[in-house]
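Asker: The amino acid sequence is not available; the structure is as follows:
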């Protein structure tokens, strides 16, 4: 079953720009700026799905449309097989949403924020909220405006998870969390995923996607440029070659991401391995390593002209 599905989803933002008239006075006109364009996305039940892209690529725009917080200009989007424009309130009862920056009412204590969040879904979440607060070391007696950014993020996490939803939509969820809390957070998500929940994780931290997701989509300038299993996305003919003892790779072709150091050179190589071996035999080398590139290097490849998929 497709839990999330979009077809040709498009959103442009209107912005006011000054225009100088012949009279010398200025007026305002509207110009369009890109949000997302013809975005096709499919997330299946039980997926731990990564949505990768830098800031401004269109990740948050996509999420806000899925949640009904924004209207698209064209295209369709559905959750649990139901169009998001119909019955949005019912759909949200089974979604746990964590925005990149959660905002709460000042003066409210943490326990009151959690109760309010649960009451909006007409559920008693007190037992699960208590377990989550103990797990994330969150003091519910404090006021939210007295909390650090990391602890406010914990409040958002508990609000998103306490009602045990079928779908989690998480927008840059780990910003502000220390490494121990990040590890605990992903351990909890994996537990929920094993129990059948679907996770949709938006992030620009590639290591998070590689360690935790089974499928991922890469978005650039509002377009999906790759979508596959994380394993397939990580596969490439290129190898990371690191050589000590020489200063450059003159005469060797099919290189990119060349990095030089005091005692050697490193690069991604996608040419004929026999040509590489022949070239190596003609140089005095102190040490050599050949490794698979990590997902971050592959991601950067998609964001260069040579790696673009149209």
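Answerer: Nice, thanks for sending it over. Note that this is a predicted model, so its numbers are computed, not measured. Numbers count the residues shown, from 1 in each chain.

Asker: residue ranges with poor pLDDT in the stretch 1-150 of the chain?
Answerer: Scanning the stretch 1-150 of the chain for pLDDT under 70 picks out 17-30.

Asker: show me where this protein has helices.
Answerer: Listed in chain order, the helices found in the chain under DSSP state H are 59-66, 88-92, 110-120, 126-135, 149-161, 179-194, 206-212, 230-234, 273-281, 295-302.

Asker: How about the fifth one, which residues are buried there?
Answerer: For helix 149-161, the buried set under the neighbour-count rule, 16 or more other C-beta atoms under 10 Å, comprises 151, 152, 153, 154, 155, 156, 157, 158, 159, 160, 161. No exception for glycine: its C-beta is placed from N, CA and C like everyone else's.

Asker: Show me what it is packed against.
Answerer: strand 95-98, helix 110-120, helix 126-135, strand 167-171, helix 179-194 (3 or more C-beta pairs under 8 Å, 6 or more residues apart in numbering; DSSP states H and E).

Asker: do the longest one as well
Answerer: Under the contact definition 3+ C-beta pairs under 8 Å, 6+ apart, helix 179-194 sits against strand 48-52, helix 126-135, helix 149-161, strand 198-203, helix 206-212.

Asker: again, only using 10 Å
Answerer: strand 48-52, helix 126-135, helix 149-161, strand 167-171, strand 198-203, helix 206-212 (3 or more C-beta pairs under 10 Å, 6 or more residues apart in numbering; DSSP states H and E).

Asker: nearest to residue 299, of these?
Answerer: Closest of the helices and strands packed on helix 179-194 to residue 299 is helix 206-212, at 5.5 Å (criterion: C-beta to C-beta).

Asker: Give me the buried positions along that closest one.
Answerer: Quick answer for helix 206-212 (16+ other C-beta under 10 Å): 206, 208, 209, 210, 212.

Asker: any chance of the helices of the chain in TSV, plus distance to residue 143?
Answerer: Converted to TSV, those look like this (distance: least, C-beta to C-beta, whole Å):
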stretch	distance to residue 143
helix 59-66	28
helix 88-92	27
helix 110-120	8
helix 126-135	15
helix 149-161	11
helix 179-194	20
helix 206-212	30
helix 230-234	40
helix 273-281	62
helix 295-302	39
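
Asker: Among the ones you listed, show me which one is buried the most.
Answerer: helix 59-66 (a mean of 23; mean count of other C-beta atoms under 10 Å).

Asker: ok, residue 141 touching residue 111?
Answerer: Yes. Judged on C-beta atoms under 10 Å, residue 141 makes contact with residue 111 at a distance of 7.0 Å.

Asker: What score does residue 224 have for pLDDT?
Answerer: pLDDT for residue 224: 92.

Asker: pretty sure it contacts residue 59?
Answerer: No. Counting by C-beta under 10 Å, residue 224 stays clear of residue 59, with 11.1 Å between them.

Asker: Which neighbours do those two have in common?
Answerer: 36, 51, 53, 217 (C-beta atoms under 10 Å, 6 or more residues apart in numbering).

Asker: Export the helices and strands packed on helix 179-194 as JSON lines, with columns for distance to residue 90.
Answerer: Putting the helices and strands packed on helix 179-194 into JSON lines (distance: least, C-beta to C-beta, whole Å) gives the following:
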{"stretch": "strand 48-52", "distance to residue 90": "22"}
{"stretch": "helix 126-135", "distance to residue 90": "21"}
{"stretch": "helix 149-161", "distance to residue 90": "18"}
{"stretch": "strand 167-171", "distance to residue 90": "13"}
{"stretch": "strand 198-203", "distance to residue 90": "17"}
{"stretch": "helix 206-212", "distance to residue 90": "29"}
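
Asker: Which residue is the nearest non-sequential neighbour of residue 153?
Answerer: residue 176 (4.3 Å; C-beta to C-beta, 6 or more residues apart in numbering).

Asker: swap in residue 77?
Answerer: residue 6 (4.5 Å).

Asker: Could you measure from residue 47 over to residue 216?
Answerer: 10 Å (C-beta to C-beta, to the nearest Å).

Asker: Identify the contacts common to the two.
Answerer: Common neighbours of residue 47 and residue 216 (C-beta under 10 Å, 6+ apart) are residue 201.

Asker: Which one's more surrounded, the two?
Answerer: residue 216 (26 against 22; other C-beta atoms under 10 Å).

Asker: so that one makes contact with residue 199?
Answerer: No. Using C-beta under 10 Å, residue 216 makes no contact with residue 199, being 11.5 Å away.
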